[in-house]
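# Here's my sequence, what's the structure:
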Amino acid sequence: MDMNSNNTPVLTDTASITNSRLHVRSSLLPYSHTGATFPHGMLLTIPRKMTGILEDVRSCGWLDAMKSSSPPPRNLTKDVNHGSASPEADNTYFNWLLKYPSALTSFDQITNYAKGKRIALFLDYDGTLSPIVDNPDCAFMSDNMRAAVKKVAEYFPTAIISGRSRDKVHEFVGLTELYYAGSHGMDIIGPVRQSVSASHNHPNCIIKSTDKQGKKVNLFQPAAEFLPMINEVLKSLIECTKDIKGAKIENNKFCVSVHYRNVDEKSWDLVGQRVNDVLKSFPRLRLTHGRKVLEVRPVINWDKGKAVTFLLESLGLNNCDDVLPIYIGDDRTDEDAFKVLREGSKGYGILVSSAPKESNAIYSLRDPLEVMEFLKSLVVWKSNPLKSHI
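Residues are numbered from 1 along each chain as shown. As a prediction, the model looks like this:
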């Protein structure tokens with residue numbers, strides 16, 4: 001159980017992890033609609049002693065978890081940025097900045113470390129490149145942000161890693177210069193490298209393909225076997241929540257998102273209970289929390305951190321002393337990527353947040369506007385190292 005973001009109970013990978021970066025061994029048989037063999041080592045086992053804990057969380061903890069997963073109150077976020085917060089909130093935020101310094105005020109420190117290194121850039125979408133909005137279908141990025149991302153991708157290999165489906169986030173971003181990883185990294189389109197499938201021992205997950213521009217790419221889908229199950233759950237969740245005003249079910253291909261941002265708080269427990277009731281029939285699926293969203297995912301050892309490692313290896317940049325990965329994200333699911341970069345001292349995680357919360361990131365930015373400023377600063381630094389970023 002992961003408690004590290006804002007002390008909210010979240011069902012996460014509970015199996016022991018081997019020394020391999022991308023695999024665990026498991027005796028859990030995969031869900032297979034067709035009888036095909038699931039790639040070796042990708043499934044997780046939930047220890048028996050954890051089952052009771054998870055059942056307790058399922059039976060009585062969802063409402064607290066859902067409340068804790070909501071964005072912080074206004075007076076601790078936007079008002080702090082505009083100088084109208086209470087002195088206590090102001091002090092809390094600026095004390096937090098001592099632990100997670102702004103990536104803008106620390107820009108010289110970051111670029112000094114980056115001298116002589118190749119930067120690889122990884123970006124979340126919602127809350128990072130676009131604002132959080134009531135309707136997830138309307139989370140559009142601005143033209144200025146799109147231009148900034150396009151420009152930075154001219155200088156650094158850049159990937160978007162999102163909980164949304166890969167097709168959906170590609171539709172939002174609309175740039176062909178990037179690599180895309182949807183469904184929290186369970187659906188990746190990346191460059192072709194023959195060594196990738198062999199080194200990870202899961203060639204069944206990798207499909208050689210051609211993108212819309214005719215460029216050869218790899219499609220990596222480690223949870224492909226779960227698609228029939230995900231589609232079954234999707235239909236069940238749509239049916240069981242249709243009478244809850246404001247509830248929205250989003251199909252993210254290899255995971256399903258249950259948005260309750262527009263649901264009356266008095267009905268949040270009903271949303272959680274309905275989702276829990278559906279999942280009782282699917283022990284090989286797990287439930288995690290985001291910002292006013294419940295997310296149903298396959299129980300496999302794969303997350304945004306694994307996606308970062310995979311993309312680095314696909315780009316031929318993993319385990320290189322002259323590479324500096326930078327990951328920018330705002331949500332709990334981004335913590336897996338922050339953790340990968342922190343534990344290996346490989347690069348920098350940058351948390352996008354205007355309110356204090358614990359994180360595995362090193363630096364912080366307040367909102368998408370500051371993210372855009374940071375991206376523009378990287379371009380200026382790379383194109384003219386002698387020119388100040390301010």
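
# same for the strand or helix carrying residue 98, what does it pack against?
Per DSSP states H and E: residue 98 is located in helix 87-99. The contact analysis (3 or more Cβ pairs under 8 Å, 6 or more residues apart in numbering; DSSP states H and E) places helix 87-99 against helix 78-81. (Each C-beta comes from the backbone N, C-alpha and C, glycine too.)

# Let me see the mean pLDDT of the helix it packs on.
Averaging pLDDT along helix 78-81 yields 42.

# Likewise for stretch 328-336?
pLDDT averaged over stretch 328-336 gives 94.

# what's the span of it from first residue to last?
Distance across stretch 328-336, first residue to last, is 12 Å (Cα to Cα, to the nearest Å).

# buried set for that stretch?
Residues 328, 329, 330, 331, 332, 333, 334, 335, 336 are the ones in stretch 328-336 that count as buried (16 or more other Cβ atoms under 10 Å).

# was I right about the second one contacting residue 129?
This points to residue 329. No. Using Cβ atoms under 8 Å, residue 329 makes no contact with residue 129, being 10.0 Å away.

# Need the residues touching each of those two.
residue 123 (Cβ atoms under 8 Å, 6 or more residues apart in numbering).

# Tell me where the stretch 251-390 of the chain has strands.
Remark: strands assigned in the stretch 251-390 of the chain by DSSP state E, counting those that start in this stretch are 256-259, 285-290, 293-298, 323-329, 348-352, 363-365.

# Check the separation of the first and last residues in stretch 106-121.
17 Å.

# ok, and what's touching that stretch?
For stretch 106-121, contacts defined as Cβ under 8 Å, 6+ apart pick out 103, 152-153, 155-159, 311-312, 315, 317, 320, 322-326, 328, 347-348, 363, 374, 377-378, 381-382, 385, 389.

# rerun that using 7 Å as the cut-off
Stretch 106-121 is contacted from outside by 103, 152, 156-158, 312, 315, 317, 322-326, 348, 363, 377, 381, 389, using Cβ atoms under 7 Å, 6 or more residues apart in numbering.

# do the same with stretch 241-248
By Cβ under 7 Å, 6+ apart, the residues outside stretch 241-248 that reach it are 136, 249, 258, 259, 260, 262, 263, 264, 267, 270, 271, 274.

# number of nearby residues for the fifth one?
Look at residue 260: counted by other Cβ atoms under 10 Å, it has 24 neighbours.

# Let me see the contact set for it.
66, 247, 268, 271, 292.

# Name the nearest residue to the second one, ignoring sequence neighbours.
Think residue 247. Residue nearest to residue 247 in three dimensions, not counting chain neighbours: residue 241, with 4.3 Å by Cβ to Cβ, 6 or more residues apart in numbering.

# Just grab the bridge partners of the nearest residue to residue 226 once chain neighbours are set aside for me.
Nearest non-adjacent residue to residue 226, counting by Cβ to Cβ, 6+ apart: residue 298, 4.2 Å away. Residue 298 has these beta-bridge partners by DSSP bridges: residue 285.

# try residue 189
With DSSP bridges as the rule, residue 189 is bridged to residue 180, residue 219.

# was I right about it contacting residue 182?
No. Using Cβ atoms under 7 Å, residue 189 is not in contact with residue 182, being 8.7 Å away.

# and for stretch 162-180, what are the contacting residues?
124-126, 139-141, 146, 149-150, 153, 158-160, 181-184, 187, 189-190, 213, 251-253, 255, 257, 290, 295, 311, 333.

# Can you measure across that stretch, start residue to end residue?
Termini of stretch 162-180 sit 8 Å apart (Cα to Cα).

# Okay, buried residues for it please.
Buried, per 16+ other Cβ under 10 Å, within stretch 162-180: 162-166, 168-170, 172-173, 175, 178-180.
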